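S.K.: give me the fold of what follows.
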Amino acid sequence: MISLDDYVFDVLLRDLVGHDRRPVCFLVYVWLAAESERRGGALELSYRELAESIGVSKSSVQGAVGWLVRRKLIAVKKSSMTATPCYSVLTPWRKGDGQGKVKRRPAPG
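M.R.: Here you go, the predicted model:
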């Protein structure tokens with residue numbers, strides 16, 4: 001069983017899908033987070049492999065990865081321009097991650 005922070009579903013889901021209107025970004029983030037936990041670290045895979053794993057188009061994944069990098073939710077490293085990307089999932093809402101603080105929205109109520 002994979003465990004993800006409550007923040008992912010309480011805040012990030014509404015932020016990426018509702019506010020940003022980028023549901024594929026949420027799918028990519030959740031899949032990468034779950035796989036990196038399962039495999040124990042960063043993931044090296046192509047856009048094609050990522051798209052096939054999630055069930056969306058390669059161009060959707062490329063756009064989502066770019067957006068998630070801009071939002072500082074994932075980091076991507078490549079040893080060269082044509083190398084397969086290596087994805088690291090970031091959790092800026094956790095203390096001690098060195099990614100800054102993210103304010104939680106107050107619960108509706």
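S.K.: name the element the residue nearest the centre of the chain belongs to?
M.R.: Nearest to the geometric centre of the chain sits Y29, at 2.5 Å (Cα atoms, centre = their mean). Y29 is part of helix 23-39 when elements are defined by DSSP states H and E.
S.K.: parallel or antiparallel, list what pairs with the helix or strand just after that helix.
M.R.: Next helix or strand after helix 23-39 toward the C-terminus (DSSP H and E): strand 43-44. Applying DSSP bridges, strand 43-44 is found paired with strand 86-89 (antiparallel).
S.K.: can I get the strand it pairs with as CSV, trimmed to CA atoms?
M.R.: What follows is strand 86-89, C-alpha atoms only, in CSV (Å, rounded to 0.1, in the frame of the first residue of the first chain):
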residue,chain,number,x,y,z
CYS,A,86,15.3,11.4,-14.0
TYR,A,87,12.3,12.6,-11.9
SER,A,88,12.4,13.4,-8.2
VAL,A,89,9.1,14.2,-6.4
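S.K.: re earlier: buried residues, the helix holding Y29. List them.
M.R.: 24-33, 35-36 (16 or more other Cβ atoms under 10 Å). The C-beta positions use only the backbone N, C-alpha and C, and glycine is treated the same way.
S.K.: which is the next helix or strand following the lowest-mean-pLDDT helix or strand in the chain?
M.R.: Lowest by mean pLDDT, DSSP states H and E among the helices and strands of the chain is helix 6-7, with a mean of 88. Sequence order places helix 13 as the next helix or strand after helix 6-7, per DSSP H and E.
S.K.: what does that next one contact?
M.R.: Identification of contacts with helix 13 by Cβ atoms under 8 Å, 6 or more residues apart in numbering yields F26.
S.K.: tell me the mean pLDDT for that helix?
M.R.: The pLDDT scores in helix 13 average 92.
S.K.: over to stretch 41-51?
M.R.: 94.
S.K.: need the CA coordinates for it. PDB is fine.
M.R.: In PDB, the C-alpha atoms belonging to stretch 41-51 read as follows (Å, rounded to 0.1, in the frame of the first residue of the first chain):
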ATOM      1  CA  GLY A  41      13.900   7.000  -5.000                       C
ATOM      2  CA  ALA A  42      14.100   9.000  -8.200                       C
ATOM      3  CA  LEU A  43      12.700   7.500 -11.400                       C
ATOM      4  CA  GLU A  44      14.400   7.400 -14.800                       C
ATOM      5  CA  LEU A  45      11.900   7.000 -17.600                       C
ATOM      6  CA  SER A  46      10.900   8.500 -20.900                       C
ATOM      7  CA  TYR A  47       7.900  10.600 -21.700                       C
ATOM      8  CA  ARG A  48       6.500   7.700 -23.600                       C
ATOM      9  CA  GLU A  49       6.900   5.300 -20.600                       C
ATOM     10  CA  LEU A  50       5.300   7.800 -18.300                       C
ATOM     11  CA  ALA A  51       2.400   8.500 -20.700                       C
END
